[in-house]
Every structure is written in C-alpha cells, then in structure tokens.
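Undergrad: 3D, please:
(one chain, ligands or ions: 3)
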Amino acid sequence: MPRLVGPLILVASLLAPLLSLIIINAQSSSTIHVNPVPGLSRDFLRGLDLSEVSWILGLGGKYYYEDGREGDILDIIADNGVNAVRLRVWNNPYDENGVPYGGGNCDLERMTQFASKVKSRGFKLLIDFHYSDWWADPSKQYKPKAWANLSFNELVSTVYNWTRDALLYMKNNNALPDMVQVGNEINNGFLWPDGRVENWTQFVTLLKSAIKAIRDIDPSIKVVIHLSGNRELDYYVNFFERLANDGVDYDVIALSYYTYWHGSLEKLKQMASTLTSRFNKEIILAEIAYPWTLEDADGYPNLFSSRDQEIKGGYRASVQGQASLIRDIIEVLYESAGDKALGVFYWGAAWIPVPGAGWKTGEGNPWENQALFDFNGKALPSLRVFRMIYEAEYIEVKPVGLYNPGPLNVTAYAGSKPVLLENTLVVYSDDSIRNAAIKWGEIPVYESPGTYYLNGYVENTSIMVVARITVLERLYIDVGDPEGDDKGPGTYGYPTASVYAPGVFDIVRASLEVESEDLVVRVYFKNLGGNPWNGPNGFSLQYIQVYIRTTNPLATNKVYRRDTFGLNIELRDDYAWQYALLISPGWGSGPLPDGELSSLHYANGTVLVEGKDFKVSSNTSDNYVEVRTPLNLLSDWENLKSWKIIVAVASWAGENPDRIRSFAPGGGEWLSDPVAYANESSKPLIQSALLVNVLPKMYDLLIYSQEYPHGLTADQQYTWLMGFNPSKSTLAIIPPEVKQIETVTQTITTTITTTLLSTTEKTVSIYETQTGYPGYTVNTVIGVALLSLALGIGVGYFLLRLQRE
Ligand SMILES: [Ca+2]
Ligand SMILES: [Ca+2]
Ligand SMILES: [Ca+2]
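TA: Numbers count the residues shown, from 1 in each chain. Ligands and ions are numbered 1, 2, ... in the order given. I've put the predicted structure just below:
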C-alpha cells in the first residue's frame, strides 16, 4: 500500500488544477455579492424566525451547510453571522381531540425546549406571544379557547398570570427571552373581541397587564409592540401617539415589512426615522422575507409566485435578489434610525418543504421559496448576507439589463407623434429592479400605417430599448357644414357693429382627431374675424359649444344631459350629451358658464378648466379654433367615429349671464337680430318665441353622427331650429323627433295606411318615456311590420272566407 502513495500524489497534483477549476465553477453558479453596511454595530440583531424548525426536525427534516455537510441548524446559521432567533408561542394549538393545528404547533413547551438550545448557543431571543391558540394577524386575533368565557376583568388578570407563568417556565428552563412582543401584528388589537382597537381602553388595559407581567419577571427584558407594515405613516404616528397618551410602557416598535406587500424601502425609511425620533423608541423589523425562486416544491401554492410581486418587491426572485433585499433593508433601517435600529428578523427562514409541516395540518407549505435554505434543507448562499454586511468589499452596483427584454409595444395614429414610455424597469447587478429613464432621441411622426422600430437607451447606460410602433390609420372625424347658413333658423342677422364681418359665425367644418396623447377638436369658420379685442385664445367674437355623446354609458356613470348651456335647444334623448366643451375667447376667470374661461363639463357634474386641464387656441389664417384635451380625461375615444357631435356657435357677450349676445327684433350695434331675414308671416312666431324664451340662441349648427355622417343641410338646420313651440313653451329638439318618424315611415313600403301611421306615432310616444338607448327605430319597424303582417293575415283570411262562400 505505501508504494501507491507516490503515484497517488502525482495523480492528485495533476488533478489539483482541474479540481480547483471545478470548485470555482461550482461557486460561480452560486456566487452572490452584497456590499457592506458601513458603521453597522456588531450588536445589530441579525435574526431568523425559526418557529417551525422544532416540528420539522421531529418529522425527520434535516439541514445542511452550503457545502453539503449535514449540521445542526443553530451551528449553520451562527456560522453565517446570525446572532438572534425569534420564536412564536401559541397558547394551545390543538383541537379538542389533541390533533395539532399545524404551522409548527408552537406551544410553550415545544418553544421553550428549542429556546433553551438557542440561548445556550449565545443567540439573542425574541419571543412572540400571539395570545391566541393559532395564527394571529390584523385579520384575526382570536382569544385562546380556554379564555373564551372569561369576563373582561378575569381576562385582564389571566393575561397577567399566563404571561408571568410562561416567562417563569422559560426562565426555569434557561430560555428567558431578551425581548418579548405582546401580541403579533396588533394593528387591530388582540384578544378579540375585548381587545379590539375599537375598544381602545380595554385594548390598552390588556396590553398593560401583559407588560406588567414581563416587567415583574425581569425588567431587563425589552417589551415590543408589533404592527404589520401594511398602512401609511400617519396611521402609525396616530397609533403610537395614543399609546403614549395612555402611558403604555414599552421599549421597542416592531414592524413586519414585506416590500412586495407593504411598499418601498423609501416608505420604510420614512416610517423608521419618524417613529423612532418622535416616540424615542428603538425599532426592529420583526418580519422580513423575500423569495430565492418562483418555483414551488410541494404543489401547495406559494404566497409569492408572480412577476408582478417581483416588480413591487423591487428585486428578482433569486438567491442574489433575496440577499440584496436583506442587505438593503438593514441599511435602510440603520440609516434612518441609527443606534435605535436594533435589528431585523427573517420570517420562515428555515420553513423547508417537509411532508407534515404545512401551514395547517393536512395542508402544504406556502413559503418554501422564501426560506434561506433550499428545498432539501441546504443553506443558500444568501444566508451569508449576515456576515457579508460586515466583511464584504464594496463593489459598485450597476445596471445590467432590461427587466422586460422584448420590444415595447406602442400604438400610434398616422400623422400623430407616437407616445413612448419615458421609463422602464432595469435589473441591476445586485438583482434589484429599478425604474430608469429612457433616452429616445428624435421621435418621428409616421405618416402611413405600418409597423416601425425605434431604438432608445436607458439613460447613462448602453442598454438598448426597442419600441415596436404599430401605426394605425388616422383616427378622426371631419365633417363639413354649408356656407351661408349662419342665420340660425334662417332668419337671424348679425349685430351691426363693424367687427361682425360676414361669415364670423358661419361654421364651415369641424374635426375631432386623436393626436398623440390628446383629442384635438377644431371648429373652422368662413372667417374667424381676427381678434379685435385681443382675446387670450386668439379670437374675440365667437362662443362655441360642442356636445359629445360617446358609445360608453360609463364614461359619465350613465348620466346624460339633454339641456344645453343657454342655447335654448334640447338634444334628442339618444343625443343627450356626456361631455360638453364650452369654448370662449378666454378673458376673466373661473370656468364657464359661471366664470368666463373655456370649460369641459361632464354630464355627471365634473368641470375642468382651460389651461390647467386642456388648451384652447386658434389659427387666424386658417380660421379655426382648437381645443386640445388629454385623452386620459376622456373615455371611449377609440370609438370616436361612432360618437355623436353637435357644434353650435353663438355671439360672445361676457356681460350676459349665459354669455350669449341678446336678440331683439331689428337688432342693433351690439344686438343680434332674430327677424332680419324673416318673412312677415313668421315674424309673430319668432317674436312670441323670444318673449317666452324658447328661441334658439345660436347662429350656426353642425352635427355629426352615424345617422348624419355628412352633417346637415341649411334647410334641415332651419327646419330643426324652428321646431320650438311658443304656445307650449317647448324648445326645438335637435335632431328633431319628427324626423325619426319620417325616416321610419320611409323604410316601410308605401302601402302603409294612415291607421298604421298613427300606430307608429304611438310607438314613438311610448319610446319617449324611456331613457337610454336609441333602439326605437328598429322597435318601430318591427312593431309596424308585425302589424302589417297581422293585417295581411286578417285580410287574407277574409278573402279566403269570401272565396269559400
Ligand atoms: Ca409550496
Ligand atoms: Ca355653416
Ligand atoms: Ca350649419
């Protein structure tokens, strides 16, 4: 045998470089790096919650060092820099037949036994009394079964006695904790219903009773108040303010802080710095965790399982991401609370998937991907973070790539600048996921539909971002209006002042178009008339109103309006508006109609004002007024072509309550003339309409809808606007109801008798009592058709009878 030694050494020396190569490779696949946290005290508690471990070991579960050697879990974690352990205690986690509830079955005896080992190895110990037989958190704080029937006073003394006895038992077993939390995540109180926060005085009485027991056993034990980090800062300030006002005696504020549920590290920074300074208390994070994988080992769904959670959590679900989260949360706590930052405890740190060790008896493990051990119980490299925060060398964290490497899909309309994302998620070398700005350079306007690619870069990096831009046909409505119909119902004349040049109230065209992020409305005039009084929006004479009915009833929560802002017309039910744009020259302040600035009204009452929410401008050479409204203020713009639009123009008179220039027969320098073009026979009608205030107050009207895709003729406009009735005091309805009956009757064969026509009118009048949708044309057609059918059958039967006889 000795003779073999020489050749063996030779072989070994030959193999050595190869072996070292293999070792390097094995390490590189599991290499993590975290930067040190400068200044962090060696006393900072680097804790793990090991509440399940005793039960897992009893079921045959085993733990291993990172190199694969089996070991005692307490040795393994100590080796990696862990110096504290947290254990929860449930009063009686067994049902009436003695069957354990599961989740580690953390009764006092089991936890004390494990805690004495913890203490004997020199770890600091945090005990988490739930004051419940099983899981307690903000959503459930059930009293122990044995305490269910106690009176409140009995409950107060029982809490004292139980706490004292539990700590005495631990003390006698060399397991006296260094810190004790009274309850677990007691945002909503504990020991329900008595100790709900709604019963604040009772809640505080119960808290004080438990605290007194802790102080009586050993005043050096730190008393901890533990809340879940799910709320905002104000909530915690208020909670601890009330505790302070009521003289609750405690030492440490504890939070659970899971970034993927509770928010950013920035939020934690605010909370830790404010709470510790304001209340002069120490702070711990009693629960933190992060996954090292999105995989599931036991078929029982994990609580963290999606990419969305990864984005909210701020790190990749990877061993590196897990280590970085732990490192960064320690840094944030230390930087925001300084010496008052006592430490962190990692929850479910060793909850590996062992059959029988589910969250509940008979159920599986929702947390194995967040342990610091792999599915077989081997320590993950991330466990080393607790040592590395003191020992590692500093390496700059750099962006390494896009979180979503594929192209960004963007839709744009031809002729309109594409709107590209300004930020994207970038993965850094520590597996953190952060938002970073994109530099796109020049963004072109694509004139024809198609697919285009555009490159950009993550700011200050060479990481390329690609946008795939799908350019669609222009999305717009463009409808004309006759020239020379600026006479309202055919009889109106302009005021005589010279500023009212011919055509200033003659709408010739209107368009609505989606351009980049705006809906752009343009109303064109024969002649805008310049800007004689220097209106801030570039025009002075016109007051334009645009009424919009979308195809989405929810755009204004199913609220519609048939009335207008002083135009003295009523919109037909199926044209009742959801959005109204009131467009003025722009003097004065406050939104129209109470103020004088252009405004966007929603039928449900919301009012937005120009400048702040949208922009009004004009083009005096092309004679149009333009309104640019951000698409995010509107709904249903994708269906623009199916909208119904009514545009009207009146003469602006800011001094009038309705901002519309008044009418008087004969007109005047500053008065509109309602009878300038009227024949003698129609003058009395107009005069009486003026008297009872049902005369339409506009010079020109334009319409667009599927029903009127090419607008309306001058004659139609005149007929429609003459639809008022002074004797009934009714306004003209736009478009008119009567027109609908004509349309319907035209679609039916000419053989319809007068009897049937009256039936049609009845059908329409029934419709008038309804609200909502234009479906009546079809209904009427069907009704009439059925009646025709019935008549036909009747006549046929009659003829048949005649023939037989
Ligand atoms: Ca699982
Ligand atoms: Ca016109
Ligand atoms: Ca017109």
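
Undergrad: might you name the residue of the stretch 301-450 of the chain sitting closest to ligand 2?
TA: Proximity to ligand 2, evaluated over the stretch 301-450 of the chain using CB to the ion, is greatest for G415 at 26.1 Å. For the C-beta atoms, the positions are set from N, CA and C on the backbone; glycine is no exception.

Undergrad: surely that residue and E473 touch.
TA: No: under the criterion of CB atoms under 8 Å, G415 lies out of contact with E473, with a separation of 9.7 Å.

Undergrad: compare the two (neighbour count), which wins?
TA: Counted by other CB atoms under 10 Å, G415 and E473 do not tie: G415 has more neighbours, with 16 against 10.

Undergrad: wait, what's in contact with Q181?
TA: L126, I127, D128, F129, V224, I225, H226, A254, A286 (CB atoms under 8 Å, 6 or more residues apart in numbering).

Undergrad: hmm, 6 Å instead?
TA: The contact partners of Q181, by CB atoms under 6 Å, 6 or more residues apart in numbering, come to D128, V224, H226.

Undergrad: what's the nearest residue to the second one if we skip its chain neighbours?
TA: Among residues not flanking V224 along the chain, Q181 sits closest, at 4.0 Å (CB to CB, 6 or more residues apart in numbering).

Undergrad: assign D594 to helix, strand or coil.
TA: Three-state assignment for D594 (DSSP: H, G, I helix; E, B strand; the rest coil): coil.

Undergrad: buried ones in the strand or helix carrying Y457?
TA: Using DSSP states H and E, Y457 falls within strand 450-458. Within strand 450-458, the residues that qualify as buried are L454, G456, Y457, V458, counting by 16 or more other CB atoms under 10 Å.

Undergrad: what does the pLDDT read for the second one?
TA: G456 carries a pLDDT score of 97 in this model.

Undergrad: what residues are up against it?
TA: Contact analysis of G456 by CB under 6 Å, 6+ apart lists I438, K439, W440, V465.

Undergrad: what bridges to it?
TA: Beta-bridge partners recorded for G456 (DSSP bridges): V465.

Undergrad: most neighbours, which of the contacts of G456?
TA: V465 (23 neighbours).

Undergrad: which stretches in the stretch 351-500 of the chain count as strands?
TA: With strands called from DSSP state E, counting those that start in this stretch, the stretch 351-500 of the chain shows them at 399-402, 408-413, 423-428, 433-439, 450-458, 464-472, 476-480.

Undergrad: neighbouring strands - and their directions - for the first one?
TA: According to DSSP bridges, the neighbouring strands of strand 399-402, each with its direction, are strand 423-428 (antiparallel).

Undergrad: could you check which helix or strand contains L126?
TA: Going by DSSP H and E, L126 is part of strand 124-129.

Undergrad: re the thing from before, can you tell me the helix or strand for the residue nearest to V224?
TA: For Q181, the host element (DSSP H and E) is strand 179-182.

Undergrad: check R231 too.
TA: Using DSSP H and E, no helix or strand contains R231.

Undergrad: so the residue nearest to it when sequence neighbours are not counted: helix, strand or coil?
TA: Excluding the flanking residues, the one nearest R231 by CB to CB, 6+ apart is N187, at 6.9 Å. At N187 the chain is in helix, as set by three-state DSSP.

Undergrad: just N632 next, same as before
TA: helix.

Undergrad: what is the neighbour count of it?
TA: Using other CB under 10 Å: N632 sits among 9 other residues.

Undergrad: and the one 3 residues further on, by the same measure?
TA: For S635, the neighbour count with other CB under 10 Å is 18.

Undergrad: repeat that for the one 4 residues further on.
TA: N639 has 12 neighbouring residues, counting by other CB under 10 Å.

Undergrad: excluding sequence neighbours, find me the nearest residue to it.
TA: Per CB to CB, 6+ apart, closest to N639 is T551, 4.6 Å.

Undergrad: quick check: that neighbour vs E232, distance?
TA: Separation of T551 from E232 (CB to CB, to the nearest Å): 39 Å.

Undergrad: compare the two and say which is more crowded by neighbours.
TA: T551 (15 against 12).

Undergrad: what bits of the stretch 701-805 of the chain have low per-residue confidence?
TA: Low-confidence segments of the stretch 701-805 of the chain (pLDDT under 70): 738-805.

Undergrad: which parts of the stretch 601-750 of the chain are strands?
TA: Under DSSP E, counting those that start in this stretch, the stretch 601-750 of the chain gives strands at 607-609, 615-619, 624-630, 644-651, 700-704, 732-734.

Undergrad: ok, and does the last one reach over to ligand 3?
TA: No: looking at strand 732-734 against ligand 3 by CB under 5 Å from the ion, there are no contacts, and the closest approach is 11.3 Å.

Undergrad: name the residues that touch that strand?
TA: I569, E570, L571, R572, P696, W720, L721, G723, F724.

Undergrad: what about that strand, distance to the chain center?
TA: Chain-centre distance of strand 732-734: 41 Å, with CA atoms, centre = their mean, to the nearest Å.

Undergrad: repeat for the third one
TA: Between the mean C-alpha location of strand 624-630 and the chain-wide mean there is a distance of 28 Å, by CA atoms, centre = their mean.

Undergrad: buried set for that strand?
TA: By neighbour count on 16+ other CB under 10 Å, the buried set for strand 624-630 is Y624, V625, E626, V627, R628, T629.

Undergrad: low-confidence stretches in this protein?
TA: In the chain (pLDDT under 70), the answer is 1-30, 738-805.

Undergrad: rerun that using 90 as the cut-off
TA: 1-31, 415-417, 516, 737-805 (pLDDT under 90).
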